[in-house]
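**Student:** I would like the atomic coordinates for the input below:
(4 chains)
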There are 2 protein chains.
Amino acid sequence: MAAHTHHAHGDPAAWTDHAARTLAEHGTRSGGARRAVVATLADQDCCASAQEIHERLRAAGRPVGIASVYRSLDLLHGLGLVTRVETGDGVARYEPALPGGEHHHHLVCVRCGGVEAFEDDALERAIHAVGDRVDFDVTAHDVALRGRCRACRAA
Amino acid sequence: MAAHTHHAHGDPAAWTDHAARTLAEHGTRSGGARRAVVATLADQDCCASAQEIHERLRAAGRPVGIASVYRSLDLLHGLGLVTRVETGDGVARYEPALPGGEHHHHLVCVRCGGVEAFEDDALERAIHAVGDRVDFDVTAHDVALRGRCRACRAA
DNA sequence: GTTCCTGCAAAATTTTTGCATCAGT
DNA sequence: ACTGATGCAAAAATTTTGCAGGAAC
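**Tutor:** Alright, predicted model coming up:
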């Protein structure tokens, strides 16, 4: 992995391409606002809320209407290109979803609100087993572990 | 278990008592609004949002200010008497938390929005193992499996 | 009697929607 | 040109806060 940045979702460019292709297949036009949202999503280490994306774009000198951010996220989520993450503070966060189904879960710090990602095969297996057992057609899942991050534990 | 209703949280009266005791120990006064919220929580099969609790109380002829519902839930959550559940639709839901730490997770139907509870020891063990492994002081966790419930799968 | 609780209303936030305009195909 | 995409503003929905009156202790 690169020394300066680590992206929890593999190669950002790969996801951007995948997203662009999927959007094209779906017959959508390529407008600037959505392209900017996709680029911002691809560029994050972890999940971001609509408001955060909006703010980041404004700060980057490419302001996008907040409505377009919400509409883009809605569309991307509907196409399975982003995962919706609930970190517990009542706002929806989104992050790129890779086609392979490879994914991670989140550690949420109850003190500073920070979010970190983790992966665990045994956990995935256990979840899969539950999915087979229940009377429910499970298509997705998410896990949030809450507690204190290293920094906040020390404080 | 009773034939007419199944409460996923054990005996409702036991939790109500436990809550009343904890609140008393904490030095709070016993007002009518919070008592009504506690009673409503104790009486549910699964999680409910603040708005739902508010509406239920109004329907039951015991209207409570929405602010009191939010304040009660905040307090109860702070004391660990209720668990906050994120079902993915962007609203916070709450359900009684038993002192023993016994808990369950949720199956959320992406079509009808319904929520069901499930328990799984292997899953708990896997989560616990992750908690030991990561550089995070994990104190709580929740899992949501999304998909289609039996009824919506047929439709 | 003091202090917390409660309800109402106002405010702050987050998200959705309507509509005129602009841009991609 | 046609039609979807965008931005603005208004609306809707959710949650928080200020404050005055009432209730618990």
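
**Student:** Helices of chain A, start to end?
**Tutor:** All helices of chain A, identified by DSSP state H, fall at A:12-25, A:32-42, A:50-59, A:66-78, A:121-133, A:150-154.

**Student:** Give me the average confidence score over the fourth one.
**Tutor:** If you average the pLDDT over helix A:66-78, you get 97.

**Student:** next one: the shortest one
**Tutor:** Helix A:150-154 shows a mean pLDDT of 88 in the predicted model.

**Student:** neighbouring contacts of it?
**Tutor:** Here helix A:150-154 makes contact (CB atoms under 8 Å, 6 or more residues apart in numbering or on different chains) with A:109, A:111-112, A:114, B:135-137. Where you see a C-beta, it was placed from the backbone N, CA and C, and this is true even at glycine.

**Student:** The second one too?
**Tutor:** Counting contacts by CB under 8 Å, 6+ apart, the residues outside helix A:32-42 that touch it are A:9, A:12-13, A:15-16, A:19-20, A:23, A:28, A:48, A:53, A:56-57, A:60, A:62, A:64-65, A:68-69, A:71-73, A:75-76, A:82, A:94-96.

**Student:** which of the helices of chain A is buried the deepest?
**Tutor:** When the helices of chain A are scored by mean count of other CB atoms under 10 Å in any protein chain shown, the highest mean neighbour count falls to helix A:32-42 (a mean of 20).

**Student:** tilt between that one and helix A:12-25?
**Tutor:** Calculated by axes from the mean of the first three to the mean of the last three CA atoms, to 10 degrees, helix A:32-42 forms an angle of 140 degrees with helix A:12-25.

**Student:** is helix A:32-42 anywhere near DNA strand C?
**Tutor:** Yes. Using CB under 7 Å from any atom of the strand, helix A:32-42 reaches DNA strand C at residue A:32.

**Student:** thinking again about what came up before, rebuild the helices of chain A as a markdown table, extending it with distance to DNA strand D.
**Tutor:** What follows is the helices of chain A, written out as a markdown table (distance: least, CB to the nearest atom of the strand, whole Å):
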| stretch | distance to DNA strand D |
| --- | --- |
| helix A:12-25 | 8 |
| helix A:32-42 | 3 |
| helix A:50-59 | 9 |
| helix A:66-78 | 3 |
| helix A:121-133 | 26 |
| helix A:150-154 | 20 |
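
**Student:** Pick out the shakiest of these, pLDDT-wise.
**Tutor:** Lowest mean pLDDT within those: helix A:150-154, a mean of 88.

**Student:** Around chain B, pick out the residues from chain A.
**Tutor:** A:84, A:86, A:88, A:90-92, A:107, A:109-110, A:116, A:118, A:120, A:122-123, A:125-127, A:129-131, A:133-150, A:153 (CB under 8 Å from any CB of the partner chain).
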